[in-house]
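**Student:** got a predicted model here, sequence first, then my questions.
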Amino acid sequence: MAGDINLNDLLRRYRTHPFEDYVVETPHTGRLQLKVEQGQEVKGPSGKWGQKPGTLLFVLERERNPKKVYSRNTGIISEVRTDLHEAFVEAREPVLTVQHRLNKEEIIDRILKEVLSIYAAPQRARYFLVPEIAAQIEKNIEKGVSIKKGDEILIMSLMKRDTILEYDGEPGVIYKVYFQSGQTVEQGQSLLGVCPPAKLQYVQKVVQRIRTEWDE
Amino acid sequence: MPKERVLIANRGEIAIRVIKALKELGMEYVVVYTREDAESMHVRIAQEEQGQFKNAFRISNYKDPNEIFAVADEAKCTAIHPGYGFFSENFRFARRAALRTRPLVFIGPRWEVIRGLGSKINTKRIAKELNIPVIPGSDSPIYNEIEAEEVAEELFFLQKEQDISNPSVLVKASAGGGGMGIEEVHHLDAFRRVYRRIQNYAKRQFGDEGVLIEQCLKDYHHLEVQLLGSQHGEVVHFGTRNCTIQSTGRQKRVEVAPGFDPHLYEYPFDAEKLLDEIVRHSVKLAEYVGYDSVGTWEWVVTRSGQPYLLEVNTRIQVENEISAYISRIKKRTSETNLIREQIRVAFGDRLGFDQSDIYFEGTSIELRIVAEDPKRGFTPWCGTITRLDFPDYEWLRLYTHVPQDRPYRIPTEYDPNLCLAIVWGADTEEAKQRASTVLSQTVIKGENSAGEPIVTNLDYLNERLDDVLQF
Amino acid sequence: MSANGIDMEDVSKLLNALIDRINYLIDIKKDPEWADLDELLERAIALRNVQFELSGTEYRNRLERIEDRVSFLEDRVAEKLTPAEIVNIVRSPQRFTLQDILDNVYDSYTELGGDGERNVDPAIVVARATISRRVKNKIYSHQVMVIGHEKGRGEEFRNGGSAKPWGNAKALQYMKVAENEGIPIHFFIFTPGSFPIEDYPGAAQQIARNIYAMARLRVPMVSFISEGGSGGAEAIGLSDMRLMGSRGYYSVISPEGAAAIEGKIREGERVPKELIEKCAEQLHMTAEDNLKLGTIDKVIDEPRLGARRDDFAFFRRLRYEMIKATDEVVLSTKSFKTFRAYALRRKKAEESESTTFDVVVNWSLTDAETKRLLAQRSRKYRDMGTSFVIEPEESSLPGLKDVKEGLKNCYYEARYGLLKTHRRNFQKVLAEVSGEGSVIIRTVTEPVKAAYDFVFPEPERPQRLHRANGVDTQSIFLEEWEQYVSPLANEDRTVTCPNAEKYGCQDLWVPDLYGESCGVCPTCGHHFPLEYQWYLKNLFDKDSFQEFNEHISSGNPLNFEGFGPRLKRDMQRTGRHSAMITADAKIRGIKVVVAMLYSNFRSGTVGTAEGEKFVRACDRARITRRPLLAYIHTTGGIRIQEGTLGVVQMPKCTLAVREYIDSGGLYIVVYDNNSYAGPVASFLGCSPYQFAIRSSRIGFAGPRVIRETTGEDVPPDYHAARNALSRGHIQGIWDRKDFRKNLYDALLHMGSPSLYYR
């Protein structure tokens, strides 16, 4: 079957290095106050709706507005630029790295990327889901949203122009959205993971296997 | 006295031209750039010229005023040059610059002027008071359907009276701009539906359901009057320009100064007189509002020779240099440079000359070379430029932010403008000839991610050169 | 019979009863160690195991010793019951419930819409019941509708008598059935409070509907309170006669809730017992307290430690009192003479502790009597708590005010009643002749502030802005916009929009945000809170806002400890006397009466003064036939420091506003910022036209209370206006900038033809 993968290999690979690094940058310019240290454990957002912010990483004050930047991931601070403490920092400056240990669900996500049909970014551009799809996804988190060839699915914002992208892959259910609305995505990066109905069983089998075989 | 230090809140070629002007005035400068623009020449020039202080700052977004002010304070700037686009006509930005705890000189008109003339409706109202002709239509936003229909009915009637074939009116969101929320209506019967659609759009988009109704003009030329004022009540003009050649979406592509050339072409009206008239009107309005910077008065001129004031651009224009190129100021040895004048007056200088000192010579044409596909609705092209070569003439000025010594990927976040080529000729014929020469000698190479070669508008520009200045 | 001559079954019962009594004492004291109750309990339980090892006499002796001890302790407890202990009595599982009342007070009953768990809300029980009296050896039966809370005997599905919104809706449904059939309603209140969920029909909004309906329900209503938990109690509490058990409590909030607020206790932390006890006392929640405050009509004596399930004497008493109360309500609508005769006879009877009647009263009413019933109900509630209203006398001549009111009535009747038709015709002619119609419409359909509608300013530089360090508070934008600009605008700094992450809103420069943008994020439309003064200046016609009853002042009627200074501080800070502002104002020339609750004064809570001002505003609007606008800048609910005096503002204000609406008035409620609890669950939530300013929150209880009551967390946007709209609690969401325009539209298009300008 097309798209079949060597699950054992993949699992072995993740077992030897079950980490992913998240580099936290300054969202904009400002004076920086570090709030964490090298080696410190940090938490991601929590609460049923993710309403409780994670660990405070740093405060960035610009135009007398001290903005708190919280960790989006749980992990260990593996690198931190202490030289930036109390300095004026430019926008998009890497401040620290959170080494995050992948949990079971994330492993599943990553392996699924190899199983699902991936709709990749045709251009380096900013992407948005079309409002209808976005609303449907928000409503049917459990069931998923079905799409077929020719459906308008994404808005690609490029050169000040918005282009509506039509889906051109196998029909299926949107299993996963890999980007945040309005995020700039590099060409070729995954935007959507779509699962064709015929493959659904296989995907579930893969998920099931990882669930049983992956020990945290 | 310490040197003035100016933050340039812009990118691309205008940033480069501002750097040049500031250096000529002996002032210091600071540039800002986004990560996508790190390779742009405006950044490289600054970084290469960096002296005692850091003069290039990476920011998140050119459109975030907080970034600009934060960097201005950090870099100890005393003024901000907004360039064009971005904050150039944003009165809130100018107001904040003036009123914040650490005030900054905004290089442009004072914010009250930007606000007053930034509103087309307000401009129209003042113009009417001064007996300056404006496009027939409502002069305040309309919120009521019955009233809107009355205005539309009157406009159709007026056009019928003037024997205009295919009369139509435009329905616009009054809070909108830049071509958004505009629809044309050809029959009064269809008016209500369009009105409601625009009203809803305006409400949704701008939070204000006010709508404007105007006669829709066709077959007209787009003219501009270049003005310069100072804080001491002085106002002079630098003649006219013709910017009729535009791509879809009203993007100017070829501009010429002066606005008409009655020596070369025949016009269905007295062109000389008409140019005088629009200049006179423009100066009158500028003096009335105490205009204190460079600015452009945009006009439309119909085939019958009727001018209408369209709007005022309270900023330096892309095409300012064609006016400067044909202008000579007595007692001055250097070339006329409007950006330099703009900066000078912003710091409170007097002009040091008056209208009688200004005279004009020849014709100047600006070509906007863009990576776009004129055959496919001017779709922007994106990819990497591998080679960019221009000829070198003493009558040619070139501005580009594209580096010529290494490949350059066009950032997808911004317009794919590559270069401005400005030529001068002793008369229109010569200028056209020279423009054509430049186009044919320009070499642009590049390819996109699919390996397809670059698409530019060079051919399109060459074709359109023939239409220049002709009605 | 056992060998040693003791009836073991009997003894066993005795022992169990003793154990129950000890447990009851533990419940009351809420402390098993008090007087070694736990040891006593152990001794009693141990006795159970040695039943067969001991001789009958020995066993009896031991039993008696324990009983003596228990009786002694009961005496000691009863000697001085604290309010907190009364609360514990009410919450004891041994206390009688509605089920016991249905079994023992009524002769027969049929539960409607419920059979144990099979019930839309088992916390509310509705039953058609028969109640009988014996007169001269004859039995006379009356049909009544019984509506009450069932706390159950520990069954989880009863939810401790905490009614869900749909339970209260069911109650309302059967109130209307009773009205239709012309039978009295007996309410029994056994609730710690309503279940604070927003699901349709919504906790607050449904209570409001109930109170609104009860205000004018055309049958006699008698209520009995055992556990009167604030808003939940009011949902079935408005009645013509309010009885209360002597060991019941009726309170604005649970003592624990009050203690958590008073002691600023953080969630999850233990509230000190002493503080709870103190609050219980301060809240004046006992029957005796409530009788003194005039929030109930009569106390029904219970056994000294409260009635339990098998206190049959108490149930007999209760039956007698329910009948008598219903009699009195019915008779009060008849001629004064019959009522007096009845009352005199009763008095005689009562002296002899009788529970029998010697007259029969027919409980159905004629139309005229119904009218009188409603008038009396109105008076009853309007008078409730008025003796606590602090109002410096305006006029030295008593009675002059009444004369004035009377004259005013005549004037408006003549002006708007009789002349109205004529005026309308005249206006129509005017519109036709001059063609002014569309012009008028245009001038009023424009929004408050058209952002581009500037006049060209004088070319001179304004003063610079200074950082708000308290020295320079003059806003630079004042002269420029010639309008009121929020003082919040006077600071050179930026703030982040709460939706920045979702919509990519840029940081907002405070002078722009609070000045030109009217506190609205230009990207996402989020509304930042603005002070109430902004609305005074931007909502109404210039200089048209004229306050009345400013002198009516909030007080501390219960002498709640520590509250006086806080009240004083708020008065000084705001320069006002209460959280309610009432005023005459104009919107595009239309005169309206305005009632406002604002945040700076005790968080916009409602007490006696606020309620009284609201009632007077309703009356003013009714008399002048003007629309009534309730703009709720913020309300935190009923002011807990006023106890049930605060709670009764709910029915009181609802009654007044109902009378206003019934007279043909237009009552519009606009919520802003935060509107919660009692006021929303009564005089605000009953409006047919409720709107919310964008980004505001509306609800019954805040997230913390919900968590503590239901054990469930609620999403962060649970109370957001848009969700209130989805749930059907409000009729629309307005943008701040459109407030004036929308209000004007509403004034033009909503409401009945009897408004003065129609």
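**Tutor:** Yes, it's here. Residues are numbered from 1 along each chain as shown, chains lettered A, B, ... in the order given.
**Student:** identify the residue spatially nearest to C:Glu642, adjacent ones excluded.
**Tutor:** Nearest residue to C:Glu642 in three dimensions, chain neighbours excluded: C:Gly607, at 4.2 Å (CB to CB, 6 or more residues apart in numbering or on different chains). Quick note: C-beta positions are derived from backbone N, CA and C, even for glycine.
**Student:** surely the one you found and C:Gly636 touch.
**Tutor:** No: using CB atoms under 8 Å, C:Gly607 makes no contact with C:Gly636, being 11.4 Å away.
**Student:** tell me the mean pLDDT over stretch C:724-739?
**Tutor:** In this model, stretch C:724-739 carries a mean pLDDT of 95.
**Student:** B:Glu255 falls within a strand, correct?
**Tutor:** Yes: using DSSP: H, G, I helix; E, B strand; the rest coil, the secondary structure at B:Glu255 is a strand.
**Student:** tell me how many other residues crowd it.
**Tutor:** Applying other CB atoms under 10 Å in any protein chain shown, we find 28 residues neighbouring B:Glu255.
**Student:** ok, for it, nearest residue in space, not its chain neighbours?
**Tutor:** Using CB to CB, 6+ apart and skipping the chain neighbours, the partner closest in space to B:Glu255 is B:Glu319 (4.1 Å).
**Student:** identify the residues contacting whatever residue of chain C ends up closest to chain A.
**Tutor:** Per CB to the nearest CB, C:Arg493 is where chain C lies closest to chain A, at 3.6 Å. Applying CB atoms under 8 Å, 6 or more residues apart in numbering or on different chains, we find C:Arg493 in contact with A:Glu63, A:Arg64, A:Asn65, C:Trp509, C:Val510.
**Student:** wait, the last one sits on C:Glu491?
**Tutor:** Yes: with contacts counted by CB under 8 Å, C:Val510 reaches C:Glu491, the gap being 5.0 Å.
**Student:** comparing these two, which residue is more hemmed in?
**Tutor:** Neighbour totals were compared for C:Val510 and C:Glu491, and C:Val510 leads with 23 against 19 (other CB under 10 Å).
**Student:** now do the more buried one, the pLDDT please.
**Tutor:** 95.
**Student:** burial count for the residue nearest to C:Glu642?
**Tutor:** Using other CB under 10 Å: C:Gly607 sits among 29 other residues.
**Student:** what's the local residue count around the closest residue to B:Gln47 other than its chain neighbours?
**Tutor:** The spatial neighbour of B:Gln47 that comes closest, neighbours along the chain excluded (CB to CB, 6+ apart), is B:Ala56 at 5.2 Å. Using other CB under 10 Å, B:Ala56 has 22 other residues around it.
**Student:** burial count for the closest residue to C:Tyr503 other than its chain neighbours?
**Tutor:** In space, and not counting its chain neighbours, C:Tyr503 is closest to C:Cys524: 4.0 Å by CB to CB, 6+ apart. As a burial measure, C:Cys524 scores 15 neighbours (other CB under 10 Å).
**Student:** ok, C:Ala171 next?
**Tutor:** So C:Ala171, with other CB under 10 Å, has 26 neighbours.
**Student:** would you check that it makes contact with C:Val126?
**Tutor:** Yes: counting by CB under 8 Å, C:Ala171 touches C:Val126, with 6.5 Å between them.
**Student:** surely the residue nearest to B:Glu255 is in contact with B:Val254?
**Tutor:** No: look at B:Glu319 against B:Val254 with CB under 8 Å: they stay out of range, at 9.5 Å.
**Student:** identify the residues contacting stretch A:200-213?
**Tutor:** With CB under 8 Å, 6+ apart as the criterion, stretch A:200-213 contacts A:1, A:4-5, A:7, A:11, A:104, A:107-108, A:111-112, A:115-116, A:173, A:175, A:195.
**Student:** can we see that at 10 Å?
**Tutor:** By CB atoms under 10 Å, 6 or more residues apart in numbering or on different chains, the surrounding residues in contact with stretch A:200-213 are A:1, A:3-5, A:7-8, A:10-11, A:14-15, A:104-105, A:107-112, A:114-116, A:144, A:172-173, A:175, A:193, A:195-196, A:199.
**Student:** show the backbone phi and psi for the residue nearest to B:Gln47.
**Tutor:** Main-chain torsions, B:Ala56, degrees, to the nearest 10: phi -140, psi 120.
**Student:** got a list of what it touches?
**Tutor:** By CB under 10 Å, 6+ apart, the contact list for B:Ala56 reads A:90, B:29-33, B:38, B:42-50, B:71, B:75.
**Student:** out of those, which are buried?
**Tutor:** Buried subset of the contacts of B:Ala56 (neighbour count, 16 or more other CB atoms under 10 Å in any protein chain shown): A:90, B:29-33, B:42-46, B:71, B:75.
**Student:** secondary structure added to the residues you listed, as TSV?
**Tutor:** Formatted as TSV, the buried ones among the contacts of B:Ala56 follow (three-state DSSP):
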residue	secondary structure
A:Glu90	coil
B:Tyr29	strand
B:Val30	strand
B:Val31	strand
B:Val32	strand
B:Tyr33	strand
B:His42	helix
B:Val43	helix
B:Arg44	helix
B:Ile45	helix
B:Ala46	helix
B:Val71	helix
B:Ala75	coil
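**Student:** for the residues you listed, which one is nearest chain C?
**Tutor:** Among these, B:Val71 lies closest to chain C (CB to the nearest CB), at 14.1 Å.
**Student:** if we can go back for a sec, quickly list what's touching both of C:Gly607 and C:Gly636.
**Tutor:** Overlap of the contact sets of C:Gly607 and C:Gly636 (by CB under 10 Å, 6+ apart) consists of C:Ala579.
**Student:** up against chain A, what does chain C have?
**Tutor:** C:467, C:491-496, C:500-504, C:506-510, C:712-718 (CB under 10 Å from any CB of the partner chain).
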